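Trainee: no sequence on hand, only this structure:
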């Protein structure tokens, strides 16, 4: 079995989703006769991993193989309706490269968009844009260590578009031209991407690999490659890699969406059957070697941008574990064990006087070269020892004494609920779910099974999931921590150096431990909010079918039943308040609102709520928007009533526990210490103040101001909003309308009378754009070759729909032109961007922004190119084809908005306060279609005057000039 790389493996092992295919008991061993059949011709190698597994593959998939060796997976699916996904995976990546090819797999991926025998250079993306696919969002590709994947998201399900998608995949598979001229033009883009990805995080990763696996191949095969190879790569080199790896036997095509299987299968065969095999698939290279006996070593890595963290690890041999029922059973047991340990660590992080900001423990694979068990502890600068002591003690206690029944029951409740929810929502799983499972089959040899089977297997296994079984499975899986590898990263060396790190670990192991106490289950303490509220108004919006209800206490409820997602209900709560409560005199008045959930409820801490709500599809949280305090998530019909009780309790009895403030303060220093670590962060720290002429509401306040915040101050600022402020809630999805109304009536509708409307706070809705339109040079302490350029123009608010859409279309056009000019023609920027941001809350305020990350020595050339672009936009009407390539993806996106809950919820949220939402939404296609080249020209003349922009140039400190 091809196991998950380390990061993905740990995520899988520690997530409840890992148990969606829980396992049955291990099969009995074969008898001697069964184990030694008579000699015969060897059976052919399986085409698909499930052929060698006892797991029942999901019958909804259709698997096939062409005579040339190319495999394909098809799944008909209608969520979202009328759309499809096409994926083509080449089973070779950076590991396949020789020393002289490092980075060429990724270079080759780029060349797929730069000309083939059937599609001239520069035309592939344009062709797709005319079909409604946006570059980046719908048309993309990625290169990893062991695969290259090409992605097309089809916004329609007409056969012609499927034919176009398969034609482009076929061109990519074997017909790329890879001309020397095209390679030379793309080289700058590749180097720009490499430059943008460089930084303290990449250096930290490289040091970590050098510490754990200094001889491993994967450490010398980063997909982005080396500058030396990229700068000198030739078309012949790239073509040689292309011919060696892009072969039918090395390729899998996946198509999932709203097409009949027969149509897709016939189209695949017609397009790919003539792809002539050039030989077998390359042998998968070894990612190692890794010395699994490595131990008792310490590494200290320092960088001013790194927050403090200590990782304690031990390596172990990799295990071949095919995807079978028995192996899934064992994986489920040990994964529950790791989850319980991490639940304990989370409890420490959430508690008073928390010893660390966060900690995690788990075991995963490093490719097929080794396994690694790690304990990682993230701490406030200078508190690493406190964190190591507490985390080491917690893990040692778990390994020594195991787990309680209550801890196990909490995990089992979460797993069971996840599986039951999966069964009930199975018929409206999205295309991405099925495509991801198909790719996991070929990349990780993980067999896709059905939700029904997964739930049944879990229930079969459940009686055998005991605290003892889980404990033993985790102990057997985890590498022992004797003489561990200890790695420190941070800004300043730990006290005592390497010896101090080892001593702290030893001290943690020596701390007193005891068997955990089983405290039993907890019950949610809020169910009675008074007499159910009476409905005083109940109307239906005729065009989109939203039901609008008002209760006697003033609470407004908007409902929309839809079956786009079975067994799911999305909600959005808004309570009057938000950031408009911040004033020039008190610009951080409600800043801590986002930290309020960390303070729990009056009857339950945040950590207790995690146990109380175990096994329920319920979210506890509250955040701050511009004009409201908000909460939004997804629940199920079974848990809607409890979710509404949690929302009501959040408003009526917030806990304001001091540990919430503690956790907030633990992140302040790290935030300020990294403000100049990258160009983006350096610019973000000053943009608000410069653009607003130092209006305190939009300017970063000093560090001391954040440390001065507490829940006493927050309660004074927002408590009356939680008890009196206007409330509007939206519910959309697979709901019973009468039951939903009754649940709201018993909770939010039962509260004391609320204000009838959201407070306009007109005095705080003024926001100005600085009249000083000059250039600002800002420095950063990141990579010496990185620079960032931005242009900001003032525009207007979003009250005029036509003007908003014209500005949005202009920004999409500018994005296309930036990509063509800065990326493709000049090779100066990897991902230049443009955007229009009309304000919804500040009258007359809005921005139009252009941004480009470039080399530090190319700022002048980039500025000149952007100035030329602006001049061209203002010189006269644009090419209609350019406008259509910007318009079509937007219209396709808008046409698909109501095919998922997110679109319905966006319309329903605040719909009674802002009834114009419906009219605006319905008018978008017609208004957008009516925009002419002359309209875009007028927008450029009106808003994009060169002298009207505020310009930012962010350069490295070393390159800063007076």
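Mentor: Good, I have the coordinates. Since we're looking at a predicted model, the values are computed, not measured.
Trainee: ok, residue 833 - contacts?
Mentor: Counting by CB atoms under 8 Å, 6 or more residues apart in numbering, residue 833 touches 815, 818, 849-852. Backbone N, C-alpha and C define where each C-beta goes, glycine included.
Trainee: can we see that at 6 Å?
Mentor: residue 851 (CB atoms under 6 Å, 6 or more residues apart in numbering).
Trainee: so for it, what's the pLDDT?
Mentor: At residue 833, the predicted lDDT confidence score is 96.
Trainee: got phi/psi on it?
Mentor: When read as degrees, to the nearest 10, the backbone of residue 833 gives phi -140, psi 160.
Trainee: got it, and residue 792?
Mentor: Dihedral angles (degrees, to the nearest 10) for residue 792: phi -120, psi 120.
Trainee: read off the pLDDT value for residue 481.
Mentor: 88.
Trainee: who touches whichever helix or strand residue 418 is part of?
Mentor: Assessed by DSSP states H and E, residue 418 sits inside helix 405-424. Outside of helix 405-424, the residues within contact range by CB under 6 Å, 6+ apart are 16, 19-20, 336, 339-340, 451-452, 454-455, 458, 467, 518, 520, 567, 611, 614-615.
Trainee: what's the next secondary structure element after it?
Mentor: Helix 405-424 is succeeded, C-terminally, by helix 431-444 (DSSP H and E).
Trainee: now the helix or strand just after that following helix: average pLDDT?
Mentor: Downstream of helix 431-444, the next assigned helix or strand under DSSP H and E is helix 451-461. Helix 451-461 shows a mean pLDDT of 98.
Trainee: give the bridge partners for residue 362, please.
Mentor: Applying DSSP bridges to residue 362 gives these bridge partners: residue 374.
Trainee: how many neighbouring residues does it have?
Mentor: By other CB atoms under 10 Å, 26 other residues sit near residue 362.
Trainee: how about the secondary structure of residue 629?
Mentor: Counting by DSSP: H, G, I helix; E, B strand; the rest coil, the backbone at residue 629 sits in strand.
Trainee: max-length helix in the protein?
Mentor: If you go by DSSP state H, the chain has its longest helix at helix 325-350.
Trainee: against which helices or strands is it packed?
Mentor: Under the contact definition 3 or more CB pairs under 6 Å, 6 or more residues apart in numbering; DSSP states H and E, helix 325-350 sits against strand 358-366, helix 384-401, helix 405-424, helix 467-477, helix 606-612.
Trainee: residue 773: what secondary structure?
Mentor: Criterion first, three-state DSSP; result for residue 773: coil.
Trainee: okay, now it: neighbour count?
Mentor: 16.
Trainee: wait, doesn't residue 703 sit right on residue 672?
Mentor: Yes: using CB atoms under 6 Å, residue 703 makes contact with residue 672 at a distance of 4.9 Å.
Trainee: check which helix or strand residue 202 maps to.
Mentor: Per DSSP H and E: helix 200-212 holds residue 202.
Trainee: mind listing what's buried in that helix?
Mentor: 200, 204, 207-209, 211-212 (16 or more other CB atoms under 10 Å).
Trainee: what's the closest non-adjacent residue to residue 200?
Mentor: The shortest distance from residue 200 to any non-neighbouring residue, by CB to CB, 6 or more residues apart in numbering, is to residue 305 (4.1 Å).
Trainee: before we move on, the earlier item: averaged pLDDT, the helix holding residue 418. What do you get?
Mentor: Per-region confidence: helix 405-424 scores 97 on mean pLDDT.
Trainee: okay, buried residues for that helix please.
Mentor: 406-424.
Trainee: ok, stretch 538-553 next?
Mentor: So for stretch 538-553, counting by 16+ other CB under 10 Å, buried means 541, 544, 546-551, 553.
Trainee: rewinding a little: residues contacting the residue nearest to residue 200?
Mentor: The contact partners of residue 305, by CB under 6 Å, 6+ apart, come to 200, 674, 677.
Trainee: the last one belongs to a strand, doesn't it?
Mentor: No: under three-state DSSP, residue 677 falls outside any strand and is assigned coil.
Trainee: what's it in contact with, if anything?
Mentor: 305, 782.
Trainee: for it, give me the pLDDT.
Mentor: 95.
Trainee: in TSV, list the helices and strands packed on helix 325-350 along with distance to residue 279.
Mentor: What follows is the helices and strands packed on helix 325-350, written out as TSV (distance: least, CB to CB, whole Å):
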stretch	distance to residue 279
strand 358-366	29
helix 384-401	49
helix 405-424	42
helix 467-477	39
helix 606-612	54
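Trainee: so which of those is nearest residue 92?
Mentor: For the helices and strands packed on helix 325-350, the distance to residue 92 is smallest for strand 358-366, at 19.2 Å, taking CB to CB.
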